[in-house]
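>>> How does the following fold in three dimensions:
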Amino acid sequence: MSEEPNLMSSLWPPVPSGATDWLLELCGDGVTGFMPPAMPDAVWVLNAMYEHDQGPADVSYHKYHQARLADGSVLPRTVAGIDLDAVSVATGGSLGRAQHPGPGWRRLRWAELARRTGDPAVPDGLMPSYRCFPSARKEGSWPLGMIPPTEGSLDRETWNRLIAILTQHSTAGPNTRCLAYYNPLMLADIDFDNLHVRAGQLGDAEFLYDHFQAADYSPSNLWADDRSWVLCTDYDLWATKVAGSSALINALLNDPEIEAVRLPWAH
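Predicted coordinates for the structure are as follows:
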């Protein structure tokens, strides 16, 4: 038997779902994640996207997928007799955890893509999601030379940097007790009555990201036990809302690695 499940239970043991009661009262429904208000400040940390230095800009993921279907490289996807490839678009997007794709790829900042396309990074009144950057896509599909932000989870590099900044702004540093909630939609055994919550120390958050085997996502919510800060990564979004002190929020806005924005309509 692998030692990792035992280590996970030791470092991040399950706790009663009642640990989220205060979030339910504060935020309302948490099916896709408990979205906190400013506490007293808030900012949105954007998931990373990437661009290949030699990637084709004129070929979309959908066009590439259709070509592979035509030459037999991949098989059609059918469900209940419905040809999914005939009724859907291969966008190039993905769900869950992600990381830097490797040599030849560089991080593409949202601000850079906004300048290039003329699209706002996040349109007024919207959340950071698949609705962003319509001008970058061709009929809903991203260029093959780009990897759009993952949905419903922080990417590994952003998670690690965010945890480092949270550690600097938590009273007990890496020993800060915190709790992690995973929404029912990301778990194989969906249960809306008994919510999945674990408790651990902030210094062990990188282990939590890599070794929680029940879901291929970062937590929907992570918060300090003293409630000094709360993160929410909504299942349907490309970013994580961080609510906490103004000092924490300013540190995120000014960090050279994190890309963060204020959204007045979602503060």
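>>> In this structure, mark out all the strands, start to finish.
Secondary structure of the chain (DSSP state E): strands located at 14-15, 41-46, 49-52, 78-79, 82-83, 105-108, 146-147, 177-182, 196-201, 221-224, 230-233, 239-244, 260-261.
>>> Please identify the residue most distant from the middle of this structure.
Asp71 (34.4 Å; CA atoms, centre = their mean).
>>> sorry, back to before: weakest of the strands of the chain in terms of mean pLDDT?
Least confident of those, judged by mean pLDDT, is strand 82-83 with a mean of 74.
>>> ok, that strand: who's next to it in the sheet?
Sheet pairing of strand 82-83 (DSSP bridges) gives strand 78-79 (antiparallel).
>>> Quick check: closest non-adjacent residue to Trp265.
In this structure, Trp265 finds its nearest non-sequential neighbour in Gly125, 5.4 Å apart by CB to CB, 6 or more residues apart in numbering. Where C-beta positions appear, they are placed from N, C-alpha and C, glycine not excepted.
>>> Quick check: pLDDT value at the one you found.
97.
>>> Same check on Glu3?
Taking Glu3 on its own, its pLDDT is 54.
>>> What of Gln54?
85.
>>> likewise the one 10 residues further on?
pLDDT, the model's per-residue confidence, is 72 for Tyr64.
>>> Number of residues surrounding it?
17 (other CB atoms under 10 Å).
>>> Pull the number of nearby residues for the closest residue to it other than its chain neighbours.
Nearest non-adjacent residue to Tyr64, counting by CB to CB, 6+ apart: Leu144, 5.4 Å away. For Leu144, the count of nearby residues is 19 (other CB under 10 Å).
>>> circling back: so which of the strands of the chain comes closest to Gln213?
Nearest of these to Gln213, taken as CB to CB: strand 177-182 at 11.6 Å.
>>> could you give the angle of the closest one to strand 196-201?
Strand 177-182 and strand 196-201 are oriented at 150 degrees to each other (axes from the mean of the first three to the mean of the last three CA atoms, to 10 degrees).
>>> can you tell me how far Ser17 sits from Ala114?
40 Å (CB to CB, to the nearest Å).
>>> re the thing from before, how about the strands of the chain, which one is nearest Asp189?
That would be strand 196-201 among the strands of the chain, by CB to CB, at 9.0 Å.
>>> Give me the contacts around that closest one.
The contact list for strand 196-201 (CB atoms under 8 Å, 6 or more residues apart in numbering) reads 11-17, 19-20, 174-182, 184, 187, 208, 212, 214, 225.
>>> show me where the stretch 51-200 of the chain has helices.
61-71, 84-87, 110-117, 156-168 (DSSP state H, counting those that start in this stretch).
>>> hang on, the earlier thing: got CSV for the strands of the chain, with mean neighbour count too?
What follows is the strands of the chain, written out as CSV (neighbours: other CB atoms under 10 Å):
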stretch, mean neighbour count
strand 14-15, 14
strand 41-46, 23
strand 49-52, 20
strand 78-79, 9
strand 82-83, 12
strand 105-108, 16
strand 146-147, 24
strand 177-182, 21
strand 196-201, 20
strand 221-224, 24
strand 230-233, 26
strand 239-244, 26
strand 260-261, 18
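>>> In CSV: those strands, plus distance to Gly96.
Listed next are the strands of the chain as CSV, based on distance: least, CB to CB, whole Å:
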stretch, distance to Gly96
strand 14-15, 21
strand 41-46, 17
strand 49-52, 15
strand 78-79, 20
strand 82-83, 24
strand 105-108, 19
strand 146-147, 13
strand 177-182, 12
strand 196-201, 16
strand 221-224, 16
strand 230-233, 11
strand 239-244, 14
strand 260-261, 21
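>>> Great, nothing more from me.
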